[in-house]
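Participant: sequence plus predicted model, see below.
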Amino acid sequence: AADEPTPEPPEDYSIGEPDVEFFLNDPFYDDLAAMFAIATAYASNIGGIATLIGTNPNLRLYDLIDETYADLDMKSPLTYATWLPMGLPSAFIALIFCFLLLKLYFLRGNCLPGSKMDALGDPERSRKVLQKQYDQLGPMAYALLNT
């Protein structure tokens, strides 16, 4: 499969009947789907950094600091308000780094004008592809409607 040539998008990007196979069988779009899946996982971890109870390591650190201060008969200084000035900038920096990393690794030069990303920019073409796939799903089952 690696030796097969990558299909090129139509030159005019016309709004005519979309070539669904072009979107489904192109390695570029497989990479794009992988990028979105990885971005979702990264986003949940990056978002967890911003709040005190966002991830397990944050909770463990809070517990450790709370126990240490309790042993000294002192109140723990770590609260939501004291965590935010450290967690929010860290999450913002990680978000920018993740965005750049994913863009460089998966899209390479394909995010420039005139690249394959232009085919994704046509809303009518995308709508027709999604409508065709939606029509292939068939009607909803009774169990799906009553949950």
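Facilitator: Thanks, I have it. Residues are numbered from 1 along each chain as shown.
Participant: what stretches of this structure score poorly on pLDDT?
Facilitator: 1-26, 109-122, 147 (pLDDT under 70).
Participant: which parts of it are strands?
Facilitator: Taking DSSP state E, the chain contains no strands at all.
Participant: where along it do the helices fall?
Facilitator: Ranges of helices in the chain, per DSSP state H, are 20-25, 27-50, 56-71, 80-102, 117-120, 123-137, 142-145.
Participant: pretty sure residue 106 is touching residue 30, no?
Facilitator: No: taking contacts as C-beta atoms under 8 Å, residue 106 lies outside contact range of residue 30: 10.1 Å. All C-beta atoms are positioned from the backbone trio N, CA, C, and that covers glycine.
Participant: between the two, tell me which one has more neighbours.
Facilitator: residue 106 (18 against 11; other C-beta atoms under 10 Å).
Participant: how close does residue 40 sit to residue 98?
Facilitator: Applying C-beta to C-beta, to the nearest Å, the value for residue 40 to residue 98 is 11 Å.
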